[in-house]
Structure formats: C-alpha cells, structure tokens
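Student: show me the folded form of this:
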Amino acid sequence: MTEITQTELQQKQTWKLTVTYDGTDFHGWQVQPGKRTVQGELQGALGRVVGESPLPQGSGRTDAGVHALAQVASFQLQARIPPGNLVRAINRTLPGAIRLLDAVVVPDSFHARHSAVAKTYEYRVLPIEPAADQICPPFLARYVYPYSWSVNLEVLQKAAATLVGKHDFRSFAASEPDLTTRTMEADADTVIQTETRTTVRTIFSSEWREQMADGFRIFVYRVRGNGFLHHMVRNLVGTTLDAGRGYIGVEEIPRILAARDRTAAGPTAPARGLFLHSVEY
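Tutor: Numbers count the residues shown, from 1 in each chain. As a prediction, this is how the structure comes out:
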C-alpha cells in the first residue's frame, strides 16, 4: 500500500454535490445574516461532519420558497472521506427538507455555476374552478400555484413556443437582474474566461403540458436554457398564463420581448410552484 505523504494530506479536493430541497421554510439558497438558507445549512453540516466549513457554491441562487430537484454545489475539502460516507453523514445532520443525492470528487477546474452549460426549470400550476367549489389540497399547497382562471392548454403551448431561441429577456427580468454571463475562448495554449453584462439568453425548449399529481390535474411548464435572469422563469409563467386565459394574445409575446421593459410583461408567478429541475455540464 502506497504511503500518503503530508503534502498529499494537505492538498484540497474539489467536490460536486447534487442536492434536493423543499425551499418553503428557507430564505432562498444564498447565505444571509440571521436567516435560514440552504447554502448556510449545507455549510453548517459540513462543519459538523468533517470539521471544515467551506461555503458551497451553487449552480444558481434560488429565491425564498423555490424548490430544487437537483441543485448542484461545489466546494473544496482537505479531509479525505469516501463519497458514500459523506452523503450518509451529511444527510444525518441536515434538516429533513434538504437531502444530498450524490457527492463526487471532480477536477479542480469544476465550478457549479461557471461550468454549467444548461439548466432546466419546472413550474407547476393547479387549475382551480371556483364555480365547482374546488380547493387546493394542503398536501399540494407548498408546491403548486392554485390558478383560478380558466386556461386553454393549447394556447399555453403556443405561447411557450414563441420563447424558444436567442432573445433579449429584459422584459422578463427582475428590476435588478443578475446580468453576468461567462464565455470561454480557447486556443492551443490558453483558455480565457470573460464576463459580460447582458440580458440576452438562449432558450432551447419551452413547453406546457398536462399531467396528474396525487390524483389532481396540473399544468407543468418546463423550460431549458443556457441561463436565466432573476425572476425570469416566474415572469415567463405569469405572461404565458395571461395568454392561456385570453388576457393577451400569443402574438403579443414577441412585442413584449422587443420592448425590453418589465412593465410590458405579465405578473410574477409565486415562488412555491418553481423547481430547479436539473443542471447540465
């Protein structure tokens, strides 16, 4: 057996975690003074398990109340621990609303946010018919947007399709969006990473579909893109729902994009229906 040198013991390794969480009781992903956050809980759990407290860097900063099916985080640890043992130990000390799905050691060049090439978000809507005395059941209330307007699914699908492609999404961003994007340029000897500030993003797919959840019919919006602005998905949902209920026409969405003005688009859908579905590298 090869003896491990002191230098090797001191060298840190880069880890990649895949995390799922119910965001209802957290003030979002990012650490905030005096507030309970997913990032803060993970940092605290690492400190309890391995005696080191790196701040896990997420693929994105989900807002308060937003959930994740497969958020990705990266950090460096000096401690040597088998990945399976780390997952089990961290899950024992995390609150029940957060769970590690996987942990692997990755090359030091990996970064959960900067290395991502695509993300997929999912938004869930429960159609409510007030005239039929329908209610939103309590076991779904944390994870869906109860919507009391009559919605045409075919129109929803047409509205979603207009968003596919490379567009300036300023009309669908929060008033102070995260505008930073990173591009990679490589030649034979070097790789140069540059940052630019832009509201242009590319949407690879955008679609609404109907499915069943615990015996209830729900509408699910799934959107995949190379990046998303702050509140962008929730604003896309609010606007396409406006089209689905006939408040605006599908043909107005290109004009909303061209306006580059948040007031031109529809309302921001509530956080509770939004899930970070997956991240691609």
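
Student: now the end-to-end length of stretch 52-71.
Tutor: 21 Å (Cα to Cα, to the nearest Å).

Student: tell me the mean pLDDT for it?
Tutor: Averaged across stretch 52-71, pLDDT comes to 97.

Student: likewise stretch 152-168?
Tutor: 98.

Student: mind listing what's buried in it?
Tutor: Residues 155-164, 167 are the ones in stretch 152-168 that count as buried (16 or more other Cβ atoms under 10 Å). C-betas here are computed from N, CA, C, even on glycine.

Student: same check on stretch 125-140?
Tutor: So for stretch 125-140, counting by 16+ other Cβ under 10 Å, buried means 125-128, 140.

Student: which of those sits closest to Leu86?
Tutor: Leu140 (33.1 Å; Cβ to Cβ).

Student: ok, that closest one to Arg234 distance?
Tutor: Separation of Leu140 from Arg234 (Cβ to Cβ, to the nearest Å): 18 Å.

Student: buried ones in stretch 51-67, by neighbour count?
Tutor: Buried residues in stretch 51-67, counting neighbours by 16+ other Cβ under 10 Å, are found at 54, 56, 58-60, 62-67.

Student: hmm, back to that, now, the buried residues of stretch 152-168 that are in helices?
Tutor: Counted as lying in helices by DSSP state H, out of these, are 155-161.

Student: redo those as TSV? Include distance to Lys12.
Tutor: Formatted as TSV, these follow (distance: Cβ to Cβ, whole Å):
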residue	distance to Lys12
Val155	53
Leu156	48
Gln157	48
Lys158	51
Ala159	48
Ala160	43
Ala161	46
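
Student: before we move on, back to that, ok, the buried residues of stretch 51-67 vs Thr93, which is closest?
Tutor: Pro56 (14.4 Å).

Student: from Val31, how far off is that closest one?
Tutor: Where Val31 is concerned, Pro56 sits at a distance of 10 Å (Cβ to Cβ).

Student: just checking, Arg272 is part of a strand?
Tutor: No: Arg272: not assigned to a strand; according to DSSP: H, G, I helix; E, B strand; the rest coil it is helix.

Student: mind checking the SS state of the nearest residue to it once chain neighbours are set aside?
Tutor: Counting by Cβ to Cβ, 6 or more residues apart in numbering, Arg272 lies nearest to Gly65, which is 5.2 Å off, once chain neighbours are set aside. The three-state label given to Gly65 by three-state DSSP is coil.

Student: swap in the one 3 residues further on?
Tutor: Assigned state for Ala68: strand (three-state reduction, three-state DSSP).

Student: I figured it hits Leu17, correct?
Tutor: No: counting by Cβ atoms under 8 Å, Ala68 does not reach Leu17; the two are 11.5 Å apart.

Student: those two: who's more crowded?
Tutor: Taking neighbours as other Cβ atoms under 10 Å, Ala68 and Leu17 compare with Ala68 leading, 26 against 23.

Student: please name the bridge partners of the more buried one.
Tutor: Tyr21, Leu276 (DSSP bridges).

Student: which residues in the stretch 101-250 of the chain form helices?
Tutor: Assigned helices in the stretch 101-250 of the chain, in chain order: 153-161, 232-244 (criterion: DSSP state H, counting those that start in this stretch).
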